[in-house]
Structure formats: structure tokens, C-alpha cells
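> Here is the input, now give the coordinates:
(chains A and B)
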Amino acid sequence: MDVVVDNVDVFALGMRTTVSLTLLSFAVAFVIGTVVAACRVSPIPPLRFVGALYVESVRNTPLTVLFVLFFFGLTKVGIKYGAFTTAIIVLGGYTGAFVAETVRAGINAVGRGQSEAARSLGLTFGQVLRIVVLPQALRTVVAPLGGLFIALIKNSSIASIIAVEELVFRTDDLGNDTAQVIPIYLGAALAYLALTIPAGFAIGLLERRVAIKR
Amino acid sequence: MIKHTRQKGIALAISLAFMTVACGDDTSSTTATTDKGSTTTQAAFEAGSTMARIKEAGTINVGVKFDQPGFGLKNPTTGEVEGFDVEMAKLIVAAIDPDVEIKFVEAVSKNREPFLQDGTVDMVVATFTINDTRKQVIDFAGPYFVAQQDIMVKADDDSITSVDDLNGAKVCTVKGSTSETNLLAKAPSAEVTLFDTYSQCAEAMTDDRVVAVTTDNTILAGLVDTSDGAFKLVEAPFSDEPYGIGVKKDDDAFRDFINDLLEETFDNGDWASAFESTLGQIGLKTPESPTVDRYTETPPAPPTTAAAN
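Modelled structure (predicted):
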């Protein structure tokens, strides 16, 4: 494992990119997911349709395909982003579909009486969602959202195919430069664990802190 | 209870499906019989040698590329792997015993050394550049071919005429090759983009994400050939890439055997005809045969710290 120790700085560079990629795209995913979930439970049929269309089309397409289409495909119609920006759009949009379904499940878990009571007080649909339902819904889905976050840490590795220099990209490159593929990939596994295990703990902590005391 | 049974049935079906995948497809391979006649008089091999073992087993696993036009390319219609590397492998195996069946296993840049180390393959003939880093873990016979690293640009681009012009330019090459190291040695301030395949590099150049693609001229020739005049070769080679045949570390008898045979094929014309029937078909002129390098000691290990780019 000397080769891993010698190249700790290269792994660290890759981890830094992986972390910023994950945090930025999760922020995008959270916004998209919440908006799409709101669409899917809204009383307006076209919005419900658009929300469902988004979730089903994005969720059922492999991430690798989305990466290639967004990076190489969009330039053919004149839209061109750098590799890192493309990765945030693709990862955020993709994870957003899963976040939407999770948040929708949380919304459905909030007792019907809650929204009925809010409506009878004269709140609009938007207000009911924002003030009454979503705060409770999000608290119940912290654990599954955390699962999506950890999945995103790992999914971000697919950005290596469009040459974003994250952890797997650095690993690939190191494996070739040193001709010691197995130790280098073991090092990558450790590096991912160093990110995912603390993330898991943080999610558990957050879950306990925001839990609804009943 | 009916429902219960059905769930079990589904679970069983799913786990079976996984098992099939796990067992079935870990190394894709195709077989080919040696169609060349024996080139050497058959010698009795020393007991315990790799040649004796292969002859005894009647079969050999050879790692070749499946996606490299001219060297090792799997023909989608016949399922056979075709190319110069494949022809060289057939010549070597025919010299052990023409009856030995060759199983071609797909070797990508990443798994070539591990395949030799764990015995998945007995030799690797896969555009495998000989270098000191790799000599630490495996050994090389050959070279059997010397490629040169060159530059490919858009056909209407006249601004790049040599490797010096790549300083400060966006240049594409692939991961798992020596091309990046060679490029940075000659043009230290080039901005390198690394993809998985050369076709992605070509795509990135079409989209003006990079201005040049650099790697071995043999590979670039194939890309220029399929670009319909969109790309051209600069023809300013800046490094030699000796392709060797990878064997297990310290298997000197097998390595000597291959080296002897290579020299024989250089002299008797087998090497040249293998070249003409493969690389010659994509427009490359048959070069002078290389000189076999019978190194005896493992060179000192280069530093294992990779240059962070």
C-alpha cells in the first residue's frame, strides 16, 4: 500500500472535487426535487403531468447516458457548458427526480387532517404546503434523503467519463501511472468510505435533531 | 399462502439472474484456431516451462484489445478478433504447437498487468508500451513494433505544426496510456483533458473543446481515416512507443522463446506479411522491423508519485 501513501495528495485532490460536486449537485437536486414534488401533489392537472413526466423520464435513464447526451449532445444544438457545470446539472437533475419522489412520499405521510385544518383556516394551497405540510414532510424523510445523498457521493464518480477530475478519475490515472491497479483502487475504496461513513453519521444526527416529538 | 410462495419464487428468480451474470460474463473471450503453419521446428520444451505447460494444456489465454482498429478489433459479424496483435499472437502460439487453441481475452489498459499477475492470461499482446514502471510488475518480450506519438488536429487548423505548439493549448488523450506523460514532458504547459476512449477525444475536438488529440500515430491514423476529411495528422512525431509482449514477471524462458521467435519472423517475412494484412489495410506503410531488447535486469523503479496535473 506504499503507493497509496505516496499519492495521498492526489487522492485528496480527487476527494475535494468529489465533495464539491456532491454538495453543489445535492443543493440543485433538493430545489428541483421539492418543486417537482409540489407539482405532483398540486391541484392543477398540467402541473401534475409535468412533474410525473420529469420524474419518469429522468429516473428511468442511466446516468452514463445522461452525461454523454448533456456533454456531447447539447453542443450539437449550440448549448455548451464546461465539464464541471455539466456534471452539476446532470447529477442535480438526476438526483432531483429521486428527491421529488421521496419528498412526495413525505407529503403523503402527513395526516390528511393537517391540510384540511389549514385549508379551513383560509390558507391557500401554496401556504398549506409551505407552512404546514412541507416542514413536517421533510422531517420524516431525512433518512431516505440521506440515502440519496450517499448514493450521490458514489454516483458523482460517473462524471469521470466527461473528464471531471474527481476521485475515480484520479484513481484511474494513478492506476496507470503506477501500474499498481489493485492497491490504488483499494485506496479509492477507503477514500469513498472516508466520505460516506461520516456522511451517514451526520445524517443520523440530523434525523434525531429534527425528529417530530409526538 | 399462495402469495407467500410467489414472493419466494420471485426472489429465487432474481438471485438466479444475478448468479448467472456473476458467473457468465466476467471475461468475455472468443476462440480461434491457429491457422498459420508452424514456423519453427518443434523442440521439446524443458519440463516446467510455460511453453511445456501450454503445449500440455493444448490451450492458451492471450490478452488482446477488442477495440483497437488495426491491432485487435472484434469483428461484430464474425465474433473473431482481428489485427496485427492477434496475428503476432498466432505466430508465437504456432511456434509452441500449431494445435494449441488460442482463447482471446479482452484486455483493456487497466487490466493488462493484473491479468498477467493472476494468471488470467499467459501473455498480453495489446498495444502495450514497454516502460520501466511496468517492468516492476511484469516482463516484456519484444518490441515487435515501434509506434510514434503524433498529433491530430482539425483539417483546417494550420497553427499547430509541432509538439511545442501544444504549450498552453487544450489537448486531449485517454486515460491508461503513456501519451499524457510524453506530452507533458515535451509540452509542460499543455492543458490536458483525459477521456476513456479516443472517439470521445475526436468528439471533443469536433465540439472545439480541445484543439488537438495526441497519441500513437497508428491509432490517430485510424481516426483520421474514419473522419471523412475533418481531421488530419500533423506528422511531427515526438516520442517512440515500443510495443512489447507482456509475460509474467521473471518468466525468462518464455520471454527468451518469444524474443527468438520475433527475430525469426522479422527475418523470414512473417512479421511483414502480418503487418500488411492488418495495419497495411488502414493505410500504414510497413516499417523497418524493430530490434528486440533483451534486457536482463529490472530497471530501478521510477518514483511512484504521479505528477498531479
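> pLDDT score for B:Q42?
Model confidence at B:Q42, given as pLDDT, is 53.
> Repeat that for B:P69.
Here, the pLDDT recorded for B:P69 equals 82.
> Please work out how many residues are found near it.
B:P69 has 21 neighbours, counted by other C-beta atoms under 10 Å in any protein chain shown. (Each C-beta comes from the backbone N, C-alpha and C, glycine too.)
> The one 10 residues further on too?
The tally of other residues near B:G79 (other C-beta under 10 Å) stands at 10.
> So what does it have for phi and psi?
phi 80, psi 0 (degrees, to the nearest 10).
> That one and chain A: what is the separation?
B:G79 is 25 Å from chain A, where distance means C-beta to the nearest C-beta, to the nearest Å.
> Which positions in chain A make contact with chain B?
By the rule C-beta under 8 Å from any C-beta of the partner chain, the part of chain A lying against chain B is A:2-3, A:6-7, A:9-10, A:13, A:72, A:75-76, A:80, A:161-163, A:169, A:172-182.
> and the helix or strand containing B:L73, which strands flank it?
Under the criterion of DSSP states H and E, B:L73 resides in strand B:72-74. Using DSSP bridges, the strands paired with strand B:72-74 are strand B:67-68 (antiparallel), strand B:81-82 (antiparallel).
> Which of these sits closest to B:M123?
Of all the strands paired with strand B:72-74, strand B:81-82 sits nearest to B:M123, with 14.5 Å by C-beta to C-beta.
> hmm, who's touching the closest one?
Outside of strand B:81-82, the residues that reach it under the criterion C-beta atoms under 8 Å, 6 or more residues apart in numbering or on different chains are B:T30, B:A32, B:V64, B:F66, B:G72, B:L73, B:K74, B:N75, B:F104, B:T278.
> Please save the CA atoms from the helix or strand following it in CSV.
Going down the chain from strand B:81-82, the next helix or strand is helix B:84-96, by DSSP H and E. The C-alpha coordinates for helix B:84-96 follow below in CSV (Å, rounded to 0.1, in the frame of the first residue of the first chain):
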residue,chain,number,x,y,z
PHE,B,84,-1.7,-7.1,-36.0
ASP,B,85,-1.5,-8.1,-32.3
VAL,B,86,-3.7,-11.0,-33.0
GLU,B,87,-1.5,-12.2,-35.9
MET,B,88,1.6,-11.9,-33.8
ALA,B,89,0.0,-13.9,-31.0
LYS,B,90,-0.9,-16.6,-33.6
LEU,B,91,2.7,-16.7,-34.8
ILE,B,92,4.0,-17.2,-31.3
VAL,B,93,1.5,-19.8,-30.3
ALA,B,94,2.0,-21.7,-33.6
ALA,B,95,5.7,-22.0,-32.7
ILE,B,96,4.8,-23.7,-29.4
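> okay, now B:I96: neighbour count?
Neighbour count for B:I96, taken as other C-beta under 10 Å: 26.
> What is the neighbour count of the residue nearest to it when sequence neighbours are not counted?
In space, and not counting its chain neighbours, B:I96 is closest to B:M51: 5.1 Å by C-beta to C-beta, 6 or more residues apart in numbering or on different chains. Counted with other C-beta under 10 Å, residues neighbouring B:M51 total 23.
> Looks to me like B:M51 is in a helix.
Yes: going by DSSP: H, G, I helix; E, B strand; the rest coil, the assignment for B:M51 places it inside a helix.
> can you tell me which residues contact it?
Residues B:F45, B:I96, B:A253, B:F254, B:F257 are the ones in contact with B:M51 under the rule C-beta under 8 Å, 6+ apart.
> redo that, cut-off 7 Å
Listed by C-beta atoms under 7 Å, 6 or more residues apart in numbering or on different chains, the contact set of B:M51 reads B:F45, B:I96, B:F254, B:F257.
> Find the nearest non-adjacent residue to the third one, please.
For B:F254, ignoring the flanking residues on the chain, the nearest one in space by C-beta to C-beta, 6+ apart is B:T50 at 4.0 Å.
> Is it correct that that neighbour is in contact with B:D251?
Yes: here B:T50 lies in contact with B:D251, judged by C-beta atoms under 7 Å, at a distance of 5.7 Å.
> quick one: B:D260 from B:I92, how far?
10 Å (C-beta to C-beta, to the nearest Å).
> check which helix or strand covers residue 144.
Unless you meant another one, I'm taking chain A. Element membership for A:P144, per DSSP H and E: helix A:142-155.
> look at chain B instead
Secondary-structure element containing B:Y144, defined by DSSP H and E: strand B:138-154.
> Pick out the residue nearest the middle of chain B.
Centroid-nearest residue in chain B, with C-alpha atoms, centre = their mean: B:A126, separated by 2.1 Å.
> so that residue, which of the three states?
Counting by three-state DSSP, the three-state call for B:A126 is strand.
> Burial-wise, tell me which of the strands paired with strand B:72-74 comes out on top.
Per-stretch averages of neighbours, counted by mean count of other C-beta atoms under 10 Å in any protein chain shown, single out strand B:81-82 among the strands paired with strand B:72-74, with a mean of 23.
> Could you pull out the helices in the stretch 201-309 of chain B for me?
Listed in chain order, the helices of the stretch 201-309 of chain B (DSSP state H, counting those that start in this stretch) span B:217-226, B:252-268, B:270-277.
> Could you look over those and pick the most buried one?
Using mean count of other C-beta under 10 Å, the stretch among the helices of the stretch 201-309 of chain B with the largest mean neighbour count is helix B:217-226, at a mean of 20.
> Let me know the angle separating it from strand B:138-154.
Going by axes from the mean of the first three to the mean of the last three C-alpha atoms, to 10 degrees, helix B:217-226 is angled at 40 degrees with respect to strand B:138-154.
> low pLDDT regions in chain A?
Segments of chain A classed as low confidence (criterion: pLDDT under 70) are A:214.
> rerun at 80
A:1, A:176, A:179, A:212-214 (pLDDT under 80).
> what about the helices in it?
Counting by DSSP state H, the segments of chain A that form helices are A:2-6, A:8-41, A:45-59, A:63-68, A:83-109, A:112-120, A:125-127, A:134-140, A:142-155, A:167-178, A:181-210.
> Nearest approach to B:T206 belongs to which of those?
Smallest distance to B:T206 across the helices of chain A (C-beta to C-beta): 14.0 Å, for helix A:63-68.
> which residues touch residue 152?
Using chain A here. Under the criterion of C-beta under 7 Å, 6+ apart, the contact list for A:L152 reads A:T22, A:S25, A:F26, A:L91, A:T95.
> sorry, should have said chain B
Shown here is B:M152, whose contacts under the criterion C-beta under 7 Å, 6+ apart are B:A212, B:V213, B:L220, B:L223, B:V224, B:F231, B:L233.
> For chain A, state which of the residues you listed is nearest.
For chain A, the closest of the contacts of B:M152 turns out to be B:V213, at 13.0 Å, with distances computed as C-beta to the nearest C-beta.
> what's the neighbour count on that closest one?
Neighbour tally, B:V213, other C-beta under 10 Å: 28.
> low pLDDT regions in the stretch 201-309 of chain B?
Answering for the stretch 201-309 of chain B: the residues below the bar, that is pLDDT under 80, span B:225-226, B:282-284, B:301-309.
> quick revisit: buried stuff in the strand holding B:L73?
Counting neighbours by 16 or more other C-beta atoms under 10 Å in any protein chain shown, one finds that the buried residues in strand B:72-74 are B:G72, B:L73, B:K74.
> re the thing from before, among the strands paired with strand B:72-74, which comes closest to A:A87?
Nearest of the strands paired with strand B:72-74 to A:A87, taken as C-beta to C-beta: strand B:67-68 at 25.2 Å.
> What about residue 131, how many residues nearby?
Here I'm looking at chain A. The burial metric for A:I131, expressed as a neighbour count using other C-beta under 10 Å, is 11.
> That was the other one, I meant chain B.
17.
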